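1. predicted model follows, preceded by the sequence.
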Amino acid sequence: MEFKNGGPGPLEGRDAVAAAYAENPPDDTITVLNLAAEGLVDIVEFAWDGGGDGTMRIAWTPDDRVATVVIEFA
């Protein structure tokens, strides 16, 4: 998992992601504004309910496992 323009990381593997979120849990929720797919990549445009927005790109392996997650804050 990689964060652009803020956030921890990059984080390698499930344990690293879980530890980062346990250490510093999100304090806001998001609303999904738009969903799109480009091949094996899902693109999620979102807005933080407390203000601000961003894009999350989730790349999948052919056997439906998460390969990478890139979150970019605007």
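-> It's in.

2. residue 11 and residue 36, how far apart?
-> Here the distance between residue 11 and residue 36 works out to 24 Å (CB to CB, to the nearest Å). Just so you know, the C-beta spots here come from the backbone N, C-alpha and C atoms, and that holds for glycine as well.

3. neighbour count: the two, which is higher?
-> For residue 11 against residue 36, the residue with the higher neighbour count under other CB atoms under 10 Å is residue 11, and the figures read 18 against 11.

4. what's the spacing between residue 3 and residue 24?
-> From residue 3 over to residue 24 the distance is 11 Å, taken as CB to CB.

5. so what strands line up beside the helix or strand of the chain with the lowest mean pLDDT?
-> Lowest on mean pLDDT, DSSP states H and E among the helices and strands of the chain sits strand 2-4, with a mean of 86. Using DSSP bridges, the strands paired with strand 2-4 are strand 66-73 (parallel).

6. what mean pLDDT does the partner strand have?
-> Along strand 66-73, the predicted local confidence has a mean pLDDT of 92.
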